[in-house]
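[1] Here is the input, now give the coordinates:
(one chain, ligands or ions: 2)
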Amino acid sequence: MSEALTGPVFRGRRRGLMLVLSSPSGAGKTTLSKRLIALNPDLVLSVSATTRPPRPGEVDGEDYYFMSEDAFLAKVDEGGFYEWAKVFDHYYGTPKTPVEEALEDGRDVVFDIDWQGARALAEHSPDDVVRIFILPPSLTLLRERLTKRGQDTDEIVEGRMARARSEIAHWDEYDYVILNDDFSRALEKLSEILHAERLRRVRHPWLEGFVEALTGEGPDRYDN
Ligand SMILES: Nc1nc2c(ncn2[C@@H]2O[C@H](COP(=O)(O)OP(=O)(O)O)[C@@H](O)[C@H]2O)c(=O)[nH]1
Ligand SMILES: Nc1ncnc2c1ncn2[C@@H]1O[C@H](COP(=O)(O)OP(=O)(O)O)[C@@H](O)[C@H]1O
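    Ligands and ions are numbered 1, 2, ... in the order given. Below you'll find the model as predicted:
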């Protein structure tokens, strides 16, 4: 299901963050992650590859890398994905290179992936992954959002609704849960999580040297 991941990522004196958003389809994770990135342009969105056809308005290379099944499976064989999974009868995967480059460059990365992808990333990089699950206020509103989004046929909307309960069943594998009722409030909570997670001690390995200097056990002065 998933490819081998690299170990913990150190970014100079700051340790990278992998912010993973999952939800049942239509709960708002794409809109929330795009707005979070608009507010924090230093964040990088991991653009997934998929074999599903593009929806109206979706741009290749921005929303997804749209691929044939043959091309996708060839990339799987090459070990080109961080993780990949089958969702709604289509393949979805996280291309490895752009994510590794962003993390090595010291940038935090946002992932819009399902519970299988979230689990794979968390298993391989437990200290770096922050998992956030987005819940809709009700299944009635979820269906309304999917219908209003106006990008899927009735049949596809039904398929997404049929899968909603099984996606929601994984809610307790996540570090945070946000109820996306009022959009601004949900975005505010997401920003608060990002900012607090960036402050965690483990993400600042430079602190060890700083504290040694502070307590007289290291060099006189430690420049962060
Ligand atoms: N594991 C995994 N899941 C993905 C990836 N990209 C997208 N998904 C998930 O696939 C599901 C379907 O995505 P999509 O067809 O765009 O519908 P959406 O849920 O309305 O955004 C969602 O749960 C996405 O989070 C990926 O690279 N890996
Ligand atoms: N809090 C909200 N209130 C009302 N509509 C919302 C809210 N959040 C998202 N939406 C709308 O719901 C639809 C589905 O959101 P989207 O981000 O595409 O969901 P997902 O990526 O989880 O499938 C979009 O049309 C979006 O504008």
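
[2] roughly how far apart are the residue of the chain found nearest ligand 1 and residue 20?
    Proximity of the chain to ligand 1 (CB to the nearest ligand atom) peaks at residue 117, 2.7 Å away. C-beta here means a position set from N, CA and C on the backbone, and glycine is covered the same way. Distance, residue 117 to residue 20, using CB to CB, to the nearest Å: 7 Å.

[3] repeat for residue 189
    The value you get for residue 189 to residue 20, if CB to CB is used, is 16 Å.

[4] and if you look at residue 116?
    Counting by CB to CB - residue 116 and residue 20 are separated by 11 Å.

[5] And the one helix or strand residue 82 maps to, what's buried?
    For residue 82, the host element (DSSP states H and E) is strand 81-87. Buried residues in strand 81-87, counted by 16 or more other CB atoms under 10 Å: 81-85, 87.

[6] so where's this structure uncertain?
    1-15, 217-224 (pLDDT under 70).

[7] Tell me the secondary structure at the residue most central in space within the chain.
    Central residue of the chain (CA atoms, centre = their mean): residue 111, 1.9 Å from the mean position. Secondary structure, DSSP: H, G, I helix; E, B strand; the rest coil: residue 111 is strand.

[8] Tell me where the chain has strands.
    Taking DSSP state E to define them, one finds strands in the chain at 10-11, 14-15, 18-22, 44-45, 49-50, 65-66, 81-87, 90-95, 109-112, 129-135, 176-179.

[9] winner for burial among the ones you listed?
    strand 18-22 (a mean of 25; mean count of other CB atoms under 10 Å).

[10] Contacts for that strand, please.
    Contacts with strand 18-22, where a contact means CB atoms under 8 Å, 6 or more residues apart in numbering, come from 29, 32-33, 43, 103, 108-115, 117-118, 121-122, 125, 128-134, 167, 170, 174, 193-194, 197.

[11] Please repeat the previous calculation with a cut-off of 7 Å.
    29, 32-33, 108-115, 118, 121, 125, 128-134, 194 (CB atoms under 7 Å, 6 or more residues apart in numbering).

[12] and what of stretch 50-60?
    Outside stretch 50-60, the residues touching it (CB under 7 Å, 6+ apart) are 64, 66-69, 72, 90-92, 151.

[13] so which of those also contact ligand 2?
    Cross-checking the contacts of stretch 50-60 against ligand 2 (CB under 6 Å from any ligand atom) gives no overlapping residues.

[14] With distance to residue 48 as extra columns, can I get those in CSV?
    Listed next are the contacts of stretch 50-60 as CSV, based on distance: CB to CB, whole Å:
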residue, distance to residue 48
64, 6
66, 10
67, 10
68, 15
69, 15
72, 11
90, 11
91, 10
92, 5
151, 17
